[in-house]
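Student: Got a predicted structure here, sequence first:
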There are 2 protein chains.
Amino acid sequence: MTGRFKPRIAPRPLDAVVRRMRTLALLSEQEQDLVRNLSDRRERHMAGEELVGEGQTGRRARFVVSGWACNQRVLPDGRRQIFGFLLPGDCFNVCERPAPPALCSTVALTALETVDAEPLLEAANRGEAPSLARALAVARQVEQALLLDHMVRLGRQTAYERVAHFLLELQRRLEIAGLGDSQRFPLPLTQEILADALGLSIVHVNRTLQQLRRERLIELRSGVAILLQPDLLASISDFRPTTPTNALRRPA
Amino acid sequence: MTGRFKPRIAPRPLDAVVRRMRTLALLSEQEQDLVRNLSDRRERHMAGEELVGEGQTGRRARFVVSGWACNQRVLPDGRRQIFGFLLPGDCFNVCERPAPPALCSTVALTALETVDAEPLLEAANRGEAPSLARALAVARQVEQALLLDHMVRLGRQTAYERVAHFLLELQRRLEIAGLGDSQRFPLPLTQEILADALGLSIVHVNRTLQQLRRERLIELRSGVAILLQPDLLASISDFRPTTPTNALRRPA
DNA sequence: CGGGGGTTTGACGAACGTCAATCGGGGTGG
DNA sequence: CCACCCCGATTGACGTTCGTCAAACCCCCG
């Protein structure tokens, strides 16, 4: 880490994005540079800030560069359902232009950094970046898969299974983004957020986490999660790694 | 209804499909005929038949012409989650070609009739049917919206609210397809299917329906549902009619 | 008349939510 | 440096919702 020479512009910050895209399709060098050069039009958001409002139109495609966000909807009586999380490397507002009204709001959960991804869409639409176009399509497919996984958790899994399954999902996604290893990853979520994602009460999330700790399946300290027995967690929660990396790639 | 002359080919059967598409975009006469002329390549399926297997590739876009189907996933221990229902007029397997692996399986719940919709996609891709292309895009958006509604039900609503909300959704969709009125519609689902959709047990679905009947909110007899007090049901379940018909249409 | 799938009912228990109090750590102003 | 404070985590007691098991019922059909 000590002063290694970096010839290219904009070295580190978009690392997660490039990494992520490369797991989705085989990007050419030019395509990778296209991504790395997005660094302008960066934006910073504070935790709690709403990035996209429900029903909002004219949204521009963006990447999360650092920090966490979520898609959610809030009922009039205050109940909240979180549909999914946006991690570094994830894109949002990627759809046909002009973008239709947003189906839910997107909210920053931590300090957050994003970049405009429209230049990529334009290049892709002009046919200049076929693999990139494909990567974005696959990203949407993965997003959809995660949504269905989440729905199974909510509808047909117990609290215990839900938490285990969800932690495994985060582990995989964060490892792909280069932000964790096969067991350890940052988890900057309050138990209230977990509860609203998993369809549980705060108290019950707490107890479920306690149980997983007691059974030496996980550790959880100061924003870091450690999966002590990932395989056991996977069999407990019927976790099947969709997209083990490139599973969705087109053959040729 | 007694022998009114119908000049065009293939009169009735695709009515639901045309109706549905017309609520999604303003179709030209040619575009409507394009839809109506799909009648070839019709296919019949029996209840229980799997139309699409999880992970299946090379799927072709299709419309449901009559009957009901659902998207679902089954866990190894037999638990099942139904993600949503396909009603007459709905399309499935509509996505960029070549189609990525299916994220869940699609199963016929009743005797079912479908038609191949690929000709429409091709015409749309050739730029020959812009409004149709738009209608298909909106259809996907609506499908996504229904998915999120369903997730809110599963994660944050009580059994009572879930059933009420779900019945209202069906009422709206079936009325659009021309298969029901503002209160009455066919409901060819067993309580087991309802349970697997709503994340409940059969017994609890039964009791919830009993309660709704006792309170004179609904009637349910021999495959027909009647919403006696739709407004009350809506306020009970916080039902907000997304897409009150054409809400998602592009301004110009 | 018998059978089978779907519905209904009751009794019971487990999972999960609610309420309320306490704890604990990091930040902040005095 | 310390007292305070606030938010989030934790714990206990208790109530409700919902699931499970099992039996009865109902209706359509052969």
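Tutor: Cool, the structure landed.
Student: From here on, just use CA atoms for contacts and neighbour counts.
Tutor: Fine.
Student: Model confidence score at A:Ala164, please.
Tutor: pLDDT for A:Ala164: 98.
Student: Around it, how many other residues sit close by?
Tutor: Around A:Ala164 there are 26 other residues, counting by other Cα atoms under 10 Å in any protein chain shown.
Student: Confirm that it sits in a strand.
Tutor: No: applying DSSP: H, G, I helix; E, B strand; the rest coil, one finds A:Ala164 to be helix, outside a strand.
Student: Can you give me every residue that contacts it?
Tutor: Listed by Cα atoms under 8 Å, 6 or more residues apart in numbering or on different chains, the contact partners of A:Ala164 are A:233-234, A:236-237.
Student: closest to DNA strand C among the residues you listed?
Tutor: A:Ser237 (12.4 Å; Cα to the nearest atom of the strand).
Student: about what we covered before: I'd like the contacts of A:Ala164 as CSV, with distance to DNA strand C, neighbour count and pLDDT appended.
Tutor: Listed next are the contacts of A:Ala164 as CSV, based on distance: Cα to the nearest atom of the strand, whole Å; neighbours: other Cα atoms under 10 Å in any protein chain shown; pLDDT from 0 to 100:
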residue, distance to DNA strand C, neighbour count, pLDDT
A:Leu233, 16, 22, 98
A:Ala234, 17, 18, 98
A:Ile236, 14, 14, 97
A:Ser237, 12, 20, 98
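Student: Format the residues you listed as JSON lines; extra columns: secondary structure and distance to B:Arg216.
Tutor: Listed next are these as JSON lines, based on DSSP: H, G, I helix; E, B strand; the rest coil; distance: Cα to Cα, whole Å:
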{"residue": "A:Leu233", "secondary structure": "helix", "distance to B:Arg216": "46"}
{"residue": "A:Ala234", "secondary structure": "helix", "distance to B:Arg216": "46"}
{"residue": "A:Ile236", "secondary structure": "helix", "distance to B:Arg216": "43"}
{"residue": "A:Ser237", "secondary structure": "helix", "distance to B:Arg216": "41"}
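Student: ok, so of those, who is nearest A:Gly55?
Tutor: A:Gly55 lies nearest to A:Ser237 out of the contacts of A:Ala164, by Cα to Cα, at 34.6 Å.
Student: wait, what's in contact with that closest one?
Tutor: With the criterion set at Cα under 8 Å, 6+ apart, A:Ser237 makes contact with A:157, A:161-162, A:164-165.
Student: filter the residues you listed down to the ones near DNA strand C?
Tutor: Residues of those in contact with DNA strand C (Cα under 7 Å from any atom of the strand): A:Gln157.
Student: Among the contacts of A:Ser237, which one sits closest to B:Ala111?
Tutor: A:Gln157 (30.5 Å).
Student: what about that closest one, how many neighbours?
Tutor: A:Gln157, neighbours per other Cα under 10 Å, totals 21.
Student: ok, now A:Ala124?
Tutor: 18.
Student: distance of the nearest residue to it once chain neighbours are set aside from A:Val107?
Tutor: Leaving aside its sequence neighbours, A:Ala124 sits nearest to A:Ala133 (Cα to Cα, 6 or more residues apart in numbering or on different chains; 5.1 Å). For A:Ala133, the distance to A:Val107 under the criterion Cα to Cα, to the nearest Å works out to 26 Å.
Student: hmm, back to that, which among the contacts of A:Ser237 gets closest to DNA strand D?
Tutor: Nearest member of the contacts of A:Ser237 to DNA strand D, counting by Cα to the nearest atom of the strand, is A:Gln157, at 9.9 Å.
Student: Roughly how far does the nearest residue to that closest one once chain neighbours are set aside sit from A:Glu29?
Tutor: Counting by Cα to Cα, 6+ apart, A:Ser237 is the residue found nearest to A:Gln157 once chain neighbours are left out, at 8.0 Å. According to Cα to Cα, A:Ser237 stands 39 Å off from A:Glu29.
Student: A:Val203 too?
Tutor: Distance from A:Val203 to A:Glu29, by Cα to Cα: 49 Å.
Student: same check, this time on A:Thr57
Tutor: Taken as Cα to Cα, the span from A:Thr57 to A:Glu29 is 33 Å.
Student: go on, A:Gln144?
Tutor: Taking Cα to Cα, one finds A:Gln144 at 28 Å from A:Glu29.
Student: More neighbours: which of those two?
Tutor: A:Gln144 (14 against 9).
Student: Now name the helix or strand holding that one.
Tutor: In this assignment (DSSP states H and E), A:Gln144 forms part of helix A:130-156.
Student: tell me the mean pLDDT over that helix?
Tutor: 97.
Student: all strands of the stretch 51-200 of chain A, in order?
Tutor: A:62-66, A:69-74, A:80-86, A:91-92, A:105-108, A:112-116, A:184-186 (DSSP state E, counting those that start in this stretch).
Student: what angle separates the first one from strand A:112-116?
Tutor: Going back to what we said before, that points to strand A:62-66. 140 degrees (axes from the mean of the first three to the mean of the last three Cα atoms, to 10 degrees).
Student: List the strands paired with strand A:62-66, with their directions.
Tutor: Strands that pair with strand A:62-66, judged by DSSP bridges, come out as strand A:91-92 (antiparallel), strand A:112-116 (antiparallel).
Student: Identify all contacting residues around that strand.
Tutor: A:13-14, A:16-17, A:86-94, A:112-118.
Student: ok, now with 10 Å
Tutor: If you take Cα atoms under 10 Å, 6 or more residues apart in numbering or on different chains as the criterion, strand A:62-66 is touched by A:13-17, A:35, A:38-39, A:42-44, A:86-94, A:110-120.
Student: Which residues belonging to the helix holding A:Gln144 are considered buried?
Tutor: Across helix A:130-156, burial judged by 16 or more other Cα atoms under 10 Å in any protein chain shown covers A:130-143, A:145-156.
Student: got the residues of the stretch 51-200 of chain A near DNA strand D?
Tutor: Residues of the stretch 51-200 of chain A lying near DNA strand D by Cα under 7 Å from any atom of the strand: A:189-192.
Student: Dump those residues into TSV; add neighbour count as well.
Tutor: As requested, these are exported to TSV (neighbours: other Cα atoms under 10 Å in any protein chain shown):
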residue	neighbour count
A:Leu189	13
A:Thr190	11
A:Gln191	17
A:Glu192	15
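Student: Turn these into TSV, including pLDDT and distance to A:Ile226.
Tutor: Formatted as TSV, these follow (pLDDT from 0 to 100; distance: Cα to Cα, whole Å):
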residue	pLDDT	distance to A:Ile226
A:Leu189	98	14
A:Thr190	97	16
A:Gln191	98	16
A:Glu192	98	20
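Student: ok, and of those, which contact chain B?
Tutor: Contacts with chain B within those, counted by Cα under 10 Å from any Cα of the partner chain: none were found.
Student: Counting neighbours, which bits of stretch A:173-192 end up buried?
Tutor: For stretch A:173-192, the neighbour count (16+ other Cα under 10 Å) marks A:173-180, A:183-187, A:191 as buried.
Student: follow-up on the earlier one: any chance of the strands paired with strand A:62-66 in TSV, plus mean pLDDT and mean neighbour count?
Tutor: Formatted as TSV, these follow (pLDDT from 0 to 100; neighbours: other Cα atoms under 10 Å in any protein chain shown):
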stretch	mean pLDDT	mean neighbour count
strand A:91-92	98	22
strand A:112-116	96	20
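Student: need these in CSV with distance to A:Val52, can you?
Tutor: Shown next, in CSV, are the strands paired with strand A:62-66 (distance: least, Cα to Cα, whole Å):
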stretch, distance to A:Val52
strand A:91-92, 10
strand A:112-116, 13
